[in-house]
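Novice: Dropping the sequence and predicted coords here.
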Protein chains: 2
Amino acid sequence: MIKKSVTIKEIAKELNLSVSTISRALHDHPSISAATRLKVKQMAQELHYEPNQAAIHFQKGKTFTIGVILPELSETFFAEALSAIEDIAYKRGYTILLGQSHDDEEKEKLLAEKMRAHRVEGLIVSLAKNTTDYSHFEQLKKYHIPVLYFDRIPPLKNIHHVSCNIETGSTEAVNYLLKQGHRNIALINGPVSLLASKQRKEGYITALQKNRLKFDPSLVVNCNLTERGTREALETLLALKRKPSAVIAFNDYVSSYAVKHAINLGLKINEDICFVSFANSPINQFIQYPPLASVEQFPAIQGQKAIDTLLDIINNHTEEAYYRVVINSELVEHQKTG
Amino acid sequence: MIKKSVTIKEIAKELNLSVSTISRALHDHPSISAATRLKVKQMAQELHYEPNQAAIHFQKGKTFTIGVILPELSETFFAEALSAIEDIAYKRGYTILLGQSHDDEEKEKLLAEKMRAHRVEGLIVSLAKNTTDYSHFEQLKKYHIPVLYFDRIPPLKNIHHVSCNIETGSTEAVNYLLKQGHRNIALINGPVSLLASKQRKEGYITALQKNRLKFDPSLVVNCNLTERGTREALETLLALKRKPSAVIAFNDYVSSYAVKHAINLGLKINEDICFVSFANSPINQFIQYPPLASVEQFPAIQGQKAIDTLLDIINNHTEEAYYRVVINSELVEHQKTG
DNA sequence: TTATTTTACGCAAACGTTTGAATGGATTAG
DNA sequence: CTAATCCATTCAAACGTTTGCGTAAAATAA
């Protein structure tokens, strides 16, 4: 009843061969004859041989583990990214060691340290919101642990990163609204400190310029992404002489807050005012007035690229070059429900 | 520059002691004098010694890995549960190997097989929606890999499981609405096949009986949890002679669909009809008319209990007894937003 | 003092796999 | 027919750690 797991040794004994022959046969080493190779593989099947990963890891001096540090798993964006990362890592024989910073820089430091101690072969990191010191990651270079930044990337020169080109999406969003006839288009942006905010604004301005419209700075307001902050931002916009007929929101959450408040203020959504936003998250499915369109950032594709390039870096030992993968965002129009 | 990681051997050489002494000293083995124990630990610190996990796993014949199979990571409920599982596993020196079934029974089978090949020491499983054959998990008993079912559990006798008592929450939901003066309370339930549906219904009936109200079966309708199914369910209810003034929805998603449709039908939410639901998921934050209250199922606590009891099972080799941990759900009233 | 126990450490094997080097036998070249 | 070459396989060490057993020296008991 107590099934001891079968090893390479048993196969060797069974076939009167040496363990080295078995090992090589299973790996299709050229110096093994086709005949014995076949025999070995058959016997392995028969005995239900499964290579002992722990032994392999140990002997190869590799852990086949890569660390992933994310702010919050319960944010759909990260959950979808992780999902893709997991799938590919699995297929390529790697295990993911997950850590959540909960947007806390201290926790992030601890995690980086633990991951190092755990001897991960590489790290995929999406920074905590308020991380300004990156030394805990940059230190890992000493240990030859490559770090690939993902989506929330630091403003550093020599780093690997995978991220999404938000600007083009932002431009698309403006173009979309212009095509609908809107001329007063506002932007409820995130905190000025965020790179993501800068990118949205740049794309916004680009679109206006391309269409020979002049940029009115008062139509762009920053907010802290909370419900309250969004309400205040919206009220600022509605108090303008040049009142916007359309709003581009930082993301779908902000859009939902703004819509709620607009309704409370007696506005008719999609008549008096309409919304476009970023993220294209599943919540749009559940809300009464989702944004007319949302900029998809393809978390799964980003995750896939992230793990793929990290594994390339690890397996090709290309520590000289820096990988910078940027995928394009894309405006997705929502079909009108009802 | 090329930092070779320091081993126990170096410490031994440095102090002119044997490796076994070092090993024991680091583990506070009683047969090592306090003096050398101190010396060893200091030297270990000085040299930045980190135990080679791969070597330990190998030598102990354990992987310190536990598998987690979930339907969908992008469902907040599972993301939160996994988050808790990860945190505790990390603290107790275990690594999580994650797999997503995407609610596909075949994928689930594959994952179970891969996890076994990977020699996980135990498995936490939340079943795919349509899994009816559990042999791929029950087979793991042969390999002494304990399986702990989580939230979505199979109707089997001898299993470990952690789940949530939905009935009490359901009863609370009805009581809450009764207290508000409602007498015609409907239930938009899930598919009859689901255990979760049965539990909601039982709790619903219990509450009515306790309050000496008679149970009207026409007030309970099943739906397939899609938006369309929800609309149909709502229309069925609204066509009744005894029209409900309050609806308990299977979960917050169903509630949101129902609210949308009710508004389209010209009903005033919280006046003509109001809603209560299950899951207490974050989407409630974003929608115009969230349910008045929602039954919290504490995914994080469930996850925590799951990993804790599984690790107990693993480390105490208690294969005889079956653990059945049930936590209580709890109705959470939402504060009305402005 | 001698016998016995206790204390503090070392020796060596073991875990499963990989891999450079060695080996013997068969084949080919000269 | 000998020498060189090649093929298929084996040998043995190595990876880092743990642990049962052995053994000196020190402490205690007689």
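Specialist: Arrived safely. Residues are numbered from 1 along each chain as shown, chains lettered A, B, ... in the order given.

Novice: what ranges do the strands span in the stretch 1-150 of chain A?
Specialist: A:65-70, A:95-100, A:123-125, A:147-150 (DSSP state E, counting those that start in this stretch).

Novice: What's the mean pLDDT across the last one?
Specialist: What it means is strand A:147-150. Taken as a whole, strand A:147-150 has an average pLDDT of 96.

Novice: can you check the third one too?
Specialist: Taken as a whole, strand A:123-125 has an average pLDDT of 97.

Novice: Can you point out the buried residues in stretch A:272-289?
Specialist: By neighbour count, with 16 or more other C-beta atoms under 10 Å in any protein chain shown as the criterion, the buried positions of stretch A:272-289 are A:273-281, A:283-284, A:286-289. Every C-beta, even on glycine, is put in place using the N, C-alpha and C of the backbone.

Novice: I'd like the distance from it to the chain centre, please.
Specialist: In terms of C-alpha atoms, centre = their mean, to the nearest Å, the centre of stretch A:272-289 is found 21 Å from the chain centre.

Novice: From chain B, how far off is residue A:133?
Specialist: 21 Å (C-beta to the nearest C-beta, to the nearest Å).

Novice: Please list all residues in contact with the spatially closest residue to that residue that is not a sequence neighbour.
Specialist: Here the nearest residue to residue A:133 in space, its sequence neighbours aside, is residue A:105; by C-beta to C-beta, 6 or more residues apart in numbering or on different chains that works out to 7.1 Å. By C-beta atoms under 8 Å, 6 or more residues apart in numbering or on different chains, residue A:105 lies in contact with A:128, A:130, A:131, A:132, A:133.

Novice: what does the longest helix that chain A contains rub up against?
Specialist: Selection of the longest helix in chain A by residue count, based on DSSP state H, yields helix A:299-316. Helix A:299-316 is contacted by residues A:66, A:76-78, A:80-85, A:88-89, A:92, A:94, A:121-122, A:124, A:146, A:148, A:150-151, A:160, A:162-164, A:318-319, A:323, A:325, A:327 when judged by C-beta under 8 Å, 6+ apart.

Novice: quick one: contacts for the residue in the stretch 151-300 of chain A that DNA strand C sits nearest to?
Specialist: Proximity of the stretch 151-300 of chain A to DNA strand C (C-beta to the nearest atom of the strand) peaks at residue A:160, 26.6 Å away. For residue A:160, the contact set (C-beta under 8 Å, 6+ apart) comprises A:146, A:147, A:148, A:149, A:309, A:310, A:313, A:322, A:323, A:324.

Novice: where do the strands sit along the stretch 151-300 of chain A?
Specialist: Chain-ordered strands for the stretch 151-300 of chain A, with DSSP E, counting those that start in this stretch as the definition, fall at A:160-165, A:185-189, A:220-222, A:246-249, A:274-278, A:293-296.

Novice: same for the shortest one, what does it pack against?
Specialist: Using 3 or more C-beta pairs under 8 Å, 6 or more residues apart in numbering or on different chains; DSSP states H and E as the contact criterion, the elements in contact with strand A:220-222 are strand A:185-189, helix A:195-210, helix A:227-238.

Novice: quick check: mean pLDDT across that strand?
Specialist: Per-residue pLDDT values over strand A:220-222 give a mean of 98.

Novice: Flag every buried residue along it.
Specialist: Going by 16+ other C-beta under 10 Å, strand A:220-222 has these buried residues: A:220, A:221, A:222.

Novice: Neighbours of residue A:35, how many?
Specialist: Look at residue A:35: counted by other C-beta atoms under 10 Å in any protein chain shown, it has 8 neighbours.

Novice: which parts of the stretch 201-338 of chain A sit against chain B?
Specialist: The interface of the stretch 201-338 of chain A toward chain B, taken as C-beta under 8 Å from any C-beta of the partner chain, is made up of A:227, A:252-253, A:256-257, A:259-260, A:263-264, A:282-283, A:285-289, A:337-338.

Novice: and what of the stretch 1-150 of chain A?
Specialist: Within reach of chain B by C-beta under 8 Å from any C-beta, the stretch 1-150 of chain A has these residues: A:2-3, A:5, A:50, A:52-55, A:57-58, A:61-63, A:65, A:73-74, A:76, A:79-80, A:82-83, A:86-87, A:90, A:95-100, A:114, A:117-119, A:142-144.

Novice: From these, which land in helices?
Specialist: Checked against DSSP H, the residues of the stretch 1-150 of chain A next to chain B include these in helices: A:53-55, A:57-58, A:76, A:79-80, A:82-83, A:86-87, A:90, A:114, A:117.

Novice: Separate out the buried members of those residues.
Specialist: Applying the neighbour count, that is 16+ other C-beta under 10 Å, the buried entries in these are A:53-55, A:57-58, A:76, A:79-80, A:82-83, A:86-87, A:90.

Novice: so which of the residues you listed are also by DNA strand C?
Specialist: Applying C-beta under 7 Å from any atom of the strand, the subset of those adjacent to DNA strand C comprises A:55, A:58.

Novice: what's the farthest-apart pair in the buried ones among the ones in helices among the residues of the stretch 1-150 of chain A next to chain B?
Specialist: Within these, two members stand farthest from each other by C-beta to C-beta: A:55 and A:76, at 38.8 Å.

Novice: Now for the residue in the stretch 101-250 of chain A positioned nearest to DNA strand D, how many residues are close by?
Specialist: Nearest to DNA strand D, among the residues of the stretch 101-250 of chain A, is residue A:119, at 10.4 Å (C-beta to the nearest atom of the strand). Using other C-beta under 10 Å, residue A:119 is surrounded by 21 other residues.
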